[in-house]
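Participant: build me a model:
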Amino acid sequence: MNPLDADERDILDGDRVKVHNDRGALILPCRLTNRILPGVVDIPQGAWWAPDENGICQAGSINVLTSERLTPLAFGNAQHTIMVQVEKV
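Facilitator: This is a model prediction of the structure:
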C-alpha cells in the first residue's frame, strides 16, 4: 500500500489490516512502499483459505474477494481489478 493511503487510515508498516468488499474479507500484514500507486493495493498470491470463526480469512487468500465470473480468455477468476476497502484491525 502506498504510504499516502496508509496515512489516511492510520496504518503503519507491518500493521494487520482487513481488506474487504461485498464478497468477503481477509486479514494480513500491510507493507508500505512508494513503489505502488496511491489507490492501489497489491496482495501476493499463494495463501490457502483459513477462515476464523467469523468467516474472515486469516491467511490472505484473495479468492474471497473475487467474482465467480470467469475471464473470457483464461476462464479463471479476475484478480487484477478487485475493488476493496482497507482498514486497520
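Participant: low-confidence stretches in this structure?
Facilitator: Scanning the chain for pLDDT under 70 picks out 45-46, 77-78.
Participant: please enumerate the helices of it.
Facilitator: Applying DSSP state H to the chain gives helices spanning 3-8.
Participant: now the residue of the chain most remote from its centre: how far from Ile82?
Facilitator: Most distant from the centre of the chain: Leu73, at 23.9 Å, with distances by CA atoms, centre = their mean. According to CB to CB, to the nearest Å, Leu73 and Ile82 sit 18 Å apart. All C-beta spots, glycine's among them, are computed from the backbone N, C-alpha and C.
Participant: please apply the same query to Gln58.
Facilitator: Distance from Gln58 to Ile82, by CB to CB: 19 Å.
Participant: what of Pro3?
Facilitator: From Pro3 to Ile82 the distance is 21 Å (CB to CB).
Participant: now do Cys30
Facilitator: Counting by CB to CB - Cys30 and Ile82 are separated by 16 Å.
Participant: which one's more surrounded, the two?
Facilitator: Neighbour tally, Cys30 and Ile82, criterion other CB atoms under 10 Å: the higher count belongs to Cys30, 20 against 16.
Participant: who's the nearest residue in space to the more buried one that is not next to it in sequence bridged to?
Facilitator: In space, and not counting its chain neighbours, Cys30 is closest to Val17: 4.5 Å by CB to CB, 6 or more residues apart in numbering. Going by DSSP bridges, Val17 is paired in beta bridges with Leu28, Lys88.
Participant: where's the residue lying closest to Pro44 once chain neighbours are set aside relative to Asp10, distance?
Facilitator: Using CB to CB, 6+ apart and skipping residues adjacent in sequence, the residue nearest Pro44 is Gly60, 7.3 Å away. Here the criterion is CB to CB. By it, Gly60 lies 21 Å from Asp10.
Participant: and if you look at Ala74?
Facilitator: On the measure of CB to CB, Ala74 and Asp10 end up 38 Å apart.
Participant: tell me who's in contact with the residue nearest to Pro44.
Facilitator: Leu26, Ile27, Leu28, Ile43, Pro44, Ala47 (CB atoms under 8 Å, 6 or more residues apart in numbering).
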